[in-house]
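Colleague: this is a predicted model, with the sequence first.
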Amino acid sequence: MRRTDIGTVGLAGAPVSKADRAYQAILEGIRDQRHEPGDRLVLSQIAAELGMSVVPVREAIRRLQSEMLVAYERNVGATVVGIDPVEYRHTMETLALVEGFSTAQCAPHVTAEDLAAAREVNATMRAMTASERAWDPVAFTELNRRFHSILFEHHQNEHVHDLVHRGWNRLAALRSSTFAYVPGRAVASVDEHEHLLRLIEDGARFEEIEAAARAHRLNTLHAYLEHSAEPSS
């Protein structure tokens with residue numbers, strides 16, 4: 001099996017399990033804000049919508065619960081949870097570490113085609129930042145995920161790769177984008193992407209790529225924290 005942006009897909013087009021399908025569907029609902037914090041997840045309703053029994057849906061809920069995206073209360077059932085500011089900071093700090101390591105470890109295996117694909121995504125992101133009319137923080141965040149997914153395509157450590165995706169999934173529970181709160185961060189993020197691509201293209205040392213990728217994630221966190229600390233008008 002191999003990881004994608006959300007959930008799990010089979011190799012060579014092999015069918016995924018019903019539990020995986022249910023997991024992906026619920027996670028997409030959380031990410032797309034169809035499931036808000038506090039919303040009750042009715043297993044029978046989800047099962048009917050997906051055309052399956054309750055059993056795989058229950059398995060998917062347990063998986064989401066282990067990732068702290070869903071809580072289960074007696075006499076209430078499964079509900080969607082949010083991430084508080086402390087949880088957000090801890091998740092971002094952890095991602096900075098594992099993303100930095102994974103990016104550096106994957107770098108020697110990134111192909112010219114991968115670099116071209118990543119640059120194409122980054123160009124779309126840059127164009128979005130240049131037009132106020134085209135600006136969409138949620139779409140920008142999805143493009144950002146796609147950009148980094150390309151660099152992780154040839155991952156060398158399944159455990160580290162799993163930690164990266166768990167962090168991304170936990171951030172999905174915010175139901176909004178950091179770039180919605182700090183839109184000015186988007187331009188710098190695109191520039192940092194290009195810097196990272198150049199390091200990989202030039203065959204930079206592991207330590208240099210790891211530091212750049214780690215700083216890239218932490219810069220987003222710091223921008224968000226600085227914005228949160230500003231007095232409201």
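Modeller: Alright, I've got the coordinates.

Colleague: for the longest helix seen in the chain, packing partners?
Modeller: Identified as the longest helix of the chain according to DSSP state H is helix 206-229. Where contact means 3 or more C-beta pairs under 8 Å, 6 or more residues apart in numbering; DSSP states H and E, helix 206-229 is packed against helix 85-106, helix 178-181, helix 185-201. C-beta coordinates here come from the backbone N, C-alpha and C atoms, glycine included.

Colleague: domains of the chain?
Modeller: 18-80, 85-228 (the TED database).

Colleague: quick one: distance of the last one to the chain centre.
Modeller: Same thing as domain 85-228. How far domain 85-228 lies from its chain's middle: 9 Å, per C-alpha atoms, centre = their mean, to the nearest Å.

Colleague: and it, how far apart are its ends?
Modeller: Taking C-alpha to C-alpha, to the nearest Å, domain 85-228 runs 9 Å from one end to the other.

Colleague: and the angle from the strand or helix carrying residue 162 to helix 85-106?
Modeller: According to DSSP states H and E, residue 162 maps onto helix 158-172. Orientation check (axes from the mean of the first three to the mean of the last three C-alpha atoms, to 10 degrees): helix 158-172 against helix 85-106 gives 140 degrees.

Colleague: which parts of helix 158-172 are buried?
Modeller: Neighbour-count burial for helix 158-172 flags 160-161, 163-172 (criterion: 16 or more other C-beta atoms under 10 Å).

Colleague: related to what we said a few turns ago, what residues of the longest helix of the chain count as buried?
Modeller: 209-210, 212-218, 220-221, 223-224.

Colleague: what does stretch 85-103 give?
Modeller: 87-88, 91-92, 94-103.

Colleague: likewise stretch 55-62?
Modeller: 56-61.

Colleague: could these go into a markdown table alongside pLDDT and distance to residue 108?
Modeller: Listed next are the buried residues of stretch 55-62 as a markdown table, based on pLDDT from 0 to 100; distance: C-beta to C-beta, whole Å:
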| residue | pLDDT | distance to residue 108 |
| --- | --- | --- |
| 56 | 95 | 39 |
| 57 | 96 | 41 |
| 58 | 95 | 42 |
| 59 | 96 | 37 |
| 60 | 95 | 36 |
| 61 | 95 | 39 |
